[in-house]
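1. Just the structure for this:
(chains A and B)
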Amino acid sequence: MIVRILNEGQWRLSDDAVRALNSFDDAVEQAVASADQDQLTKALHTLLDRIRTTGTRVPDEELADSDLILPAADSTLEEVEQLLSESEEGLIPGVGAS
Amino acid sequence: MIFRAKTDKALDKLEDPRQTLDYSYQRQLELLQKVRRGVADVATSRKRIELQANQLNTQADKLTNQAQKALEVGREDLAREALTRRSGIQQQLSDLQVQHAQLQGEEEKLTRASQRLQAKVDAFRTKKETIKATYSAAEAQTRINEAFSGISEEMGDVGLAIQRAEDKTAQMQARAGAIDELLASGALDDPTGTAKDDITLELEQLASTSDVESELARMKSALGAGPSAAPQAIEGQQAPSQAPQPPTQAQPPSLDAQSPQEFQAPPSQGQEAPPAQPQGDLR
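-> This next block holds a predicted model:
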């Protein structure tokens, strides 16, 4: 599975690794629900760090479509809200996300 | 799941996507150009902030010097005022430092984004030529879709990055412009202590007052022997001790004392001729 972090590039993750991300996704959704920017930044940092460490970078010269697109670590509440409103499963689809 | 690049939907409507490959490549190059301009804009803003920070630093140093001078002449109130203003400047400075760091962050992100996009555009160009050589239209279609969706996603991302950088830069430019205006109008000069602010004026006044006092004291001591004795003293034995005392105009008559006419004669001293006359009379 290929995941894009906006403003950063793409990472290739195993399906297991993606499933493991769901709990982090919940934290992001909660932060957005409670409109807590600090919490959101923290949750995004954790989530994105996890992707960077468990995934491998897709080379710049590879033209590949992403399966997931995630907001940048310094995104604002409004930006993430907008992304989430276009999705019904949180940032990461699967069990655990509402 | 988060949004996907939506541009590929438009591709489905195209009759022969192969025709659009070159056009799309042109668009990619244009966007790449725009990203590079974005990087340059951010760099310009960053440099401007650096310039302003330097100006503020100079002013802060100046206020420190003023405080020092004020203390030397025993004016603690003035020193306090100067230091108070300096702390205002330092607040401005730390604001600027935050902005500077943000701009630097944007600059780095955009630079990386432009490198990524460059690599993808290059990859697209290679792929485009391969696709053009593909015999089967169906196969070409599939490859074209892959290439398009891969690059359009990157373009979407980079477009967002540019948008963000432009917004932030515009905000900061507005703030930087406000500081420039303040600097230009002198509104900041006053509180920050450039050339003619009140602290400088007062220090200058103090300095000139003390100059006058010491000058007076010197003159008084020179005249200590009594008014009538002074001319003789100048020309006589006490001449060396008097040398530093007289202001410039007093000097020529004493040098040319023996002959007032000679003194008036030299053309180079012509401008001093009128004052020289009364001085001659005094003697």
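
2. what does chain A put close to chain B?
-> Where chain A comes near chain B, counting by Cβ under 8 Å from any Cβ of the partner chain, the residues are A:4, A:6-9, A:59-71, A:83-84, A:86-87, A:89, A:91-93. C-beta coordinates here come from the backbone N, C-alpha and C atoms, glycine included.

3. Next step: those restricted to helices.
-> For the residues of chain A next to chain B, membership in helices holds for A:83, A:84, with DSSP state H as the criterion.

4. Would you list the buried entries among the residues of chain A next to chain B?
-> Among the residues of chain A next to chain B, those classed as buried by 16 or more other Cβ atoms under 10 Å in any protein chain shown are A:4, A:6-9, A:60, A:63-71, A:83-84, A:87, A:89, A:91-93.

5. quick one: contacts for residue B:121?
-> With contact set as Cβ atoms under 8 Å, 6 or more residues apart in numbering or on different chains, residue B:121 has these partners: B:25, B:28, B:29, B:32, B:151.

6. Secondary structure of it: a strand, I assume?
-> No. Looking at residue B:121 with DSSP: H, G, I helix; E, B strand; the rest coil, it is helix, so not inside a strand.

7. rewinding a little: of the contacts of residue B:121, which count as buried by neighbour count?
-> Among these, those that count as buried by neighbour count (16+ other Cβ under 10 Å) are B:28, B:32, B:151.

8. May I see those organised as JSON lines, with secondary structure, distance to residue B:162 and pLDDT added?
-> Output for these, formatted as JSON lines (DSSP: H, G, I helix; E, B strand; the rest coil; distance: Cβ to Cβ, whole Å; pLDDT from 0 to 100):
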{"residue": "B:28", "secondary structure": "helix", "distance to residue B:162": "14", "pLDDT": "88"}
{"residue": "B:32", "secondary structure": "helix", "distance to residue B:162": "11", "pLDDT": "89"}
{"residue": "B:151", "secondary structure": "helix", "distance to residue B:162": "16", "pLDDT": "83"}
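
9. Nearest the middle, which residue of chain A would you pick?
-> The C-alpha lying nearest the average C-alpha coordinate of chain A belongs to residue A:70 (Cα atoms, centre = their mean; 3.8 Å).

10. Now that that residue has come up, it's in contact with residue A:2, right?
-> No. Using Cβ atoms under 8 Å, residue A:70 is not in contact with residue A:2, being 11.4 Å away.

11. What does the residue in chain A sticking out farthest from the centre show for phi and psi?
-> With Cα atoms, centre = their mean as the measure, chain A has its most outlying C-alpha, relative to the mean C-alpha position, at residue A:61: 22.4 Å. When read as degrees, to the nearest 10, the backbone of residue A:61 gives phi -90, psi 10.

12. Roughly how far does residue B:206 sit from residue B:26?
-> Note on residue B:206: its distance to residue B:26, by Cβ to Cβ, to the nearest Å, is 71 Å.

13. and if you look at residue B:151?
-> The spacing between residue B:151 and residue B:26, counted by Cβ to Cβ, is 13 Å.

14. can you check residue A:84 too?
-> With distances defined as Cβ to Cβ, the gap from residue A:84 to residue B:26 amounts to 35 Å.

15. again, but for residue B:41
-> Look at residue B:41 and residue B:26: by Cβ to Cβ, they are 23 Å apart.

16. Mind checking which of the two has more residues around it?
-> residue B:41 (19 against 10; other Cβ atoms under 10 Å in any protein chain shown).

17. ok, and for stretch B:80-100, which residues are buried?
-> With the criterion 16+ other Cβ under 10 Å, stretch B:80-100 contains buried residues B:81, B:82, B:85, B:86, B:89, B:92, B:93, B:96, B:99, B:100.

18. Now do it: everything it contacts.
-> Applying Cβ under 8 Å, 6+ apart, the set of residues contacting stretch B:80-100 from outside is B:46, B:49-50, B:52-53, B:56-57, B:59-60, B:63-64, B:66-67, B:70, B:172, B:175-176, B:179, B:191-193, B:199.

19. Narrow the residues you listed to those in helices?
-> Using DSSP H, B:46, B:49-50, B:52-53, B:56-57, B:59-60, B:63-64, B:66-67, B:70, B:172, B:175-176, B:179, B:191-192, B:199 are the members of the contacts of stretch B:80-100 that sit in helices.
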